[in-house]
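K.L.:
after the sequence you'll find the predicted model.
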Amino acid sequence: MKAVVTGATGFLGGALARRLHGMGWDVTAAGRNKFALAGLHAQNIQTVQADLADVEAVMRFCKNQEFVFHCGAFSSPWGRPADFYTANVLGTENVIRACLENQVKRLVHVSTPSIYFRYKPRLNVREDAELPPPVNEYSRTKKLAEEKIDAAFAEGLPVVTIRPRGIFGPCDTSLLPRLIHRLRSGRMRIIGDGENITDLTYVENVVDALLLCAGSPAETLGKKYNITNGEPFHLWHMIERVCGSLNLKFPTRKIPYSLAHDLAALLEVVYRTLPGQPEPPLTRYSVFVISQDATLDISAAKKELDYQPKISMDEGFEKYILWWKERN
């Protein structure tokens, strides 16, 4: 099997490239980060340094491929609109064009459940839920990217899309590290009542879902699938567990959600006026994520892809904490 993984220098893309290589696939890891590519190359994985905005480069690394796993994206709660658009929309357009012209067997596209986001609690959200207006540039551009995918499917592109939520595990440099650094600073506060429910996905379970999409029945083409661990939990209970595992002080002071939301809105305005527009310490998006209920329904993935999370939240959490302790 021949495949290329875009975004292979990222967390999910790197995990997928390593899994495919271990399975004996002829895999090419494409990304921009020289250091991360060198790490993959050291594991005898073929690599190519390329920017998804470079259509000719995308054409070259998709040539003669059977499968394309499009994991590349600019994923952040903050950033310049042009950067999001270039990476998430133009990059996806170039991948689509390369897949169509090279007649790949299948494109597996990684989207995001952030497109469901609105400033209200949402539980068990299904793939066919009405999509609200995007709340930030990431969700806006990922929604546009899905629209490009839908149009390509109508043209005959064999594609399946997943929307994985909150990916975590060893090598994660974003989700839990942000939380841990905030806890270490001693400035973290419980926003809301501290009883909000959420769900996450262990990285190897997402890799399983990607592989299932590569071999799924023709009836799944053109569809989107929510992916989580299927184990909703109380977020602040998990944060307390992180504190216990890493000998950190668990925050006890609480801030009303409305106050934190208004403060984040003010910070966003102020930080947009600063040189370089640095990310503020709070955004309205991050305030909501850590204080309000948000879970997904994964019944479609279970039924149509035969997706079954193999690594539980408890096991995944322990793997991550062990990995973190070994490196910090």
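P.N.:
Thanks, I have the structure now.

K.L.:
buried residues in the lowest-mean-pLDDT helix or strand in the chain, which are they?
P.N.:
None of the helices or strands of the chain scores lower by mean pLDDT, DSSP states H and E than helix 175-185, at a mean of 87. Neighbour-count burial for helix 175-185, counted by 16 or more other CB atoms under 10 Å, picks out 176, 179, 180, 182, 183. For glycine as for every other residue, the C-beta is placed from the backbone atoms N, C-alpha and C.

K.L.:
dump those residues into a markdown table; add distance to residue 272 as well.
P.N.:
Below are the buried residues of helix 175-185 laid out as a markdown table (distance: CB to CB, whole Å):
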| residue | distance to residue 272 |
| --- | --- |
| 176 | 27 |
| 179 | 25 |
| 180 | 27 |
| 182 | 22 |
| 183 | 27 |
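
K.L.:
ok, so of those residues, who is nearest residue 226?
P.N.:
residue 176 (21.1 Å; CB to CB).

K.L.:
separation between the residue nearest to that closest one when sequence neighbours are not counted and residue 289?
P.N.:
Counting by CB to CB, 6 or more residues apart in numbering, residue 176 lies nearest to residue 168, which is 5.5 Å off, once chain neighbours are set aside. Plainly put, residue 168 is 13 Å away from residue 289 if you go by CB to CB, to the nearest Å.

K.L.:
which one's more surrounded, the two?
P.N.:
residue 168 (23 against 18; other CB atoms under 10 Å).

K.L.:
what's across from the more buried one in the sheet?
P.N.:
For residue 168, the beta-bridge assignment (DSSP bridges) gives partners residue 202.

K.L.:
for it, give me its contacts.
P.N.:
If you count contacts by CB atoms under 8 Å, 6 or more residues apart in numbering, residue 168 has them with 175, 176, 200, 201, 202, 203, 316, 320.

K.L.:
6 Å - rerun?
P.N.:
By CB atoms under 6 Å, 6 or more residues apart in numbering, residue 168 lies in contact with 175, 176, 200.

K.L.:
got it, and residue 216?
P.N.:
Counting by CB under 6 Å, 6+ apart, residue 216 has contacts residue 305.

K.L.:
for the contacts of residue 168, give me CSV that also has distance to residue 243.
P.N.:
As requested, the contacts of residue 168 are exported to CSV (distance: CB to CB, whole Å):
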residue, distance to residue 243
175, 16
176, 12
200, 17
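
K.L.:
before we move on, back to that, ok, the residue nearest to residue 176 to residue 306 distance?
P.N.:
Residue 168 is 23 Å from residue 306, by CB to CB.

K.L.:
do the same with residue 259
P.N.:
45 Å.

K.L.:
circling back: touching the least confident helix or strand of the chain from outside, list them.
P.N.:
Residues outside helix 175-185 that contact it (CB under 6 Å, 6+ apart): 168, 188, 248.

K.L.:
sorry, back to before: per-residue pLDDT, the residue nearest to residue 176?
P.N.:
Looking at residue 168, its pLDDT reads 95.

K.L.:
just residue 46 next, same as before
P.N.:
Predicted confidence (pLDDT) for residue 46: 96.

K.L.:
beta-bridge partners for it, please?
P.N.:
Beta-bridge partners of residue 46, as defined by DSSP bridges: residue 28.

K.L.:
can you get me a residue count around it?
P.N.:
Using other CB under 10 Å, residue 46 is surrounded by 15 other residues.

K.L.:
right, and it touches residue 28 too?
P.N.:
Yes: using CB atoms under 6 Å, residue 46 is in contact with residue 28, at 4.7 Å.

K.L.:
what touches both of the two?
P.N.:
Common contacts of residue 46 and residue 28 (CB under 6 Å, 6+ apart): none found.

K.L.:
quick one, strands of the stretch 201-328 of the chain?
P.N.:
201-202, 224-227, 233-234, 254-255, 294-296 (DSSP state E, counting those that start in this stretch).
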